[in-house]
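*Asks:* Got a predicted structure here, sequence first:
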Amino acid sequence: MKGFLLSFRSEFFKSRKTLGFWAAVILPLMICVLLFIGFYTKSEKLASMAPMMLWLQFAGAILKVMGSLLLPMYVIFIAYSVNNIEHNADTWKSLFSLPISRCAVYTAKYFYALFLVLLCMCLFVLFTISFGNLLSLVKPQLRFDNYHMEKQLLQVYFKLFLSSLGILSIQFLLSLLWANFLKPIGVGFICTIAGVILAINNWEYGYLFPYAHPSIAIANMVSRANEAANKLEIDVFTKEVPVSIVISILVFIGGYFIVLKRSIR
Amino acid sequence: MVIRTEGLSFNFGNQQVIKSLNLQVPEGSIYGFLGPNGAGKTTTIKLLLNLLKTQHGSIHIFEQEYHNNRISILSQIGALIEQPAIYAHLTGKENLQNRALLLQVSANRVDEMLSLVQLNGAANKKAGQYSLGMKQRLGIALALLNDPKLLILDEPTNGLDPNGIIEIRELLIKLVSQHQKTVFISSHLLVEVERMATHVGIIDNGELRFQGSVKDLEAISHPQIRIETDNTVDAANLLNRKHYTVTDVTDQYIFVNYTSRDQTAQINTLLIQNGYQVFSIGKQQKDLEKLFLSITQNAA
């Protein structure tokens, strides 16, 4: 446990000045700022909207691209960046000759990637809520303050986070094994496109393909149970979510044995 | 023994790169691990650090095996393998701080190491902007950070200028003599190692060709008499006729196998009596460099 905590802190120390870390902050901030500007300039057109619809427009604009593109690509990038820091500096050999168990080094690295994805999702929630409320302050005709969807947003982003775990584990392993930039990113990109196609076409076994999970998670997020009552309820655990979690655990464990067997060049 | 391997062999695929290696590195020694490029030095070092899994044979470090004692062994080793592993986007100091964090070493130690390898001035410069020599020194500082009992260095003077090489050599000698460390240092340059090593192992094509103290190595190198004279070819013929074993003749020098001081004096007299001018004459150890070459080339 001590080795894990030390390695985790070291991961933060190493990456705190890199894009890999700051992407978790910059990506949600930039997107929310752009949306803010869009809503600010088009405020006249939007003024007639009901507060709930305003929120759905605001948050939905991000969520539309989040499942199909933003989240998978971000996860692919993060998995690459936490491993690339070692490939680049040729530091695997020194990392694995430290008096820390290989398991701790591997697990800490994986959980650091996981932490970055979670941080990014949390910041999306935070910035969406903050910029929505800021809009109602600077443009009082936009009645963002008359409706609250913090809970739903938290649930949606938590669901997205869980649905991305399968991709994270696979990409983490690929990026660890391949020092090359193009291979893991290329594979990830092709699989993401395949995933989107599967999700769009509602293929019945799409929920088994990890790269389709975020898209399917978004498509299945609204609970049908209370639709009639015009209440927005989020269904977090639709079937692709447990599949994503199981795949991520299996690949994570399998990856550990590959790392254990593998020679460090 | 600090390092002891028995029958250590290693294959990359079908190619056997290490063949039944029996290393013996005594405590408090500077063990020069010599061999031409591609002889298997780095592979051996990776095996010693458990970065490669032992396939055949055994490795004992501090008389312990990796199987159950990996962390306790590694906590007493400092290593520098090939090019130093340095994060280019961090400063030299941050590189050390990161390692100190992982090894739970106090922050003071970072400053001590920086001054030991004389990088105080460049401590806050990005390590990516360091010269090769500075990187190498930072690598050595990283290896020394946890005050290890055993230091394993793979070609640590690569890319260093003569001053840098001397500094590293003095540092290593000091570590061994004053701090009771053991140093295992690989190199393809004998000159570099013979000036500091107490023990030498010579590896070629994955096989250990020689192992012993530096004195043992010198003993198998036959001393010679080097004679500087005006007409080396004729003088050499004369010596041959008088049954001296001439081993080499150059434009300037004749080399004859050394047997005793008296014999040297007799040769001198002989040459002078026959009208040759002797500019210099003296006993000379066979160059270890030549010995190293002959050990590694005979095998080929």
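*Replies:* Nice, I can see it.
*Asks:* any chance you could map the helices in chain A?
*Replies:* Assigned by DSSP state H, the helices in chain A fall at A:2-15, A:19-41, A:43-46, A:51-65, A:71-89, A:92-95, A:102-138, A:150-163, A:165-177, A:182-200, A:213-219, A:240-261.
*Asks:* Just give me the neighbour total for the residue lying closest to residue B:75 once chain neighbours are set aside.
*Replies:* In this structure, residue B:75 finds its nearest non-sequential neighbour in residue A:99, 3.6 Å apart by Cβ to Cβ, 6 or more residues apart in numbering or on different chains. Placement of C-beta: from N, CA and C, glycine included. Residue A:99: 18 surrounding residues under other Cβ atoms under 10 Å in any protein chain shown.
*Asks:* Touching, residue A:99 and residue B:103? I think so.
*Replies:* Yes. In this structure, residue A:99 is within contact of residue B:103 by Cβ atoms under 8 Å, at 7.3 Å.
*Asks:* Find residues that contact each of those two.
*Replies:* In terms of Cβ atoms under 8 Å, 6 or more residues apart in numbering or on different chains, residue A:99 and residue B:103 are both contacted by the residues residue B:75.
*Asks:* need the contact list for residue A:235.
*Replies:* Neighbours of residue A:235 in contact, by Cβ under 8 Å, 6+ apart: A:220-224.
*Asks:* With only the CA atoms kept, save stretch B:202-213 in PDB.
*Replies:* Below are the C-alpha coordinates for stretch B:202-213, written out as PDB (Å, rounded to 0.1, in the frame of the first residue of the first chain):
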ATOM      1  CA  ILE B 202      36.300  -9.700 -19.000                       C
ATOM      2  CA  ILE B 203      33.200 -10.900 -21.000                       C
ATOM      3  CA  ASP B 204      33.100 -11.600 -24.600                       C
ATOM      4  CA  ASN B 205      30.300 -13.100 -26.600                       C
ATOM      5  CA  GLY B 206      28.500 -13.800 -23.400                       C
ATOM      6  CA  GLU B 207      31.300 -15.800 -21.900                       C
ATOM      7  CA  LEU B 208      33.500 -14.700 -19.000                       C
ATOM      8  CA  ARG B 209      37.100 -14.900 -20.300                       C
ATOM      9  CA  PHE B 210      38.900 -13.700 -17.300                       C
ATOM     10  CA  GLN B 211      38.000 -12.900 -13.700                       C
ATOM     11  CA  GLY B 212      40.300 -11.900 -10.800                       C
ATOM     12  CA  SER B 213      42.100  -9.000  -9.200                       C
END
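*Asks:* what does it contact?
*Replies:* So stretch B:202-213 is in contact with B:10, B:16-24, B:33-36, B:39-41, B:43-44, B:198-201, B:217, B:220, B:292, B:295-296, B:299-300, going by Cβ under 8 Å, 6+ apart.
*Asks:* So residue B:208 lies in a helix, does it not?
*Replies:* No. Read with DSSP: H, G, I helix; E, B strand; the rest coil, residue B:208 is strand and lies in no helix.
*Asks:* Take the contacts of residue A:235 and keep only those in strands.
*Replies:* When these are checked against strands (DSSP state E), there are no matches.
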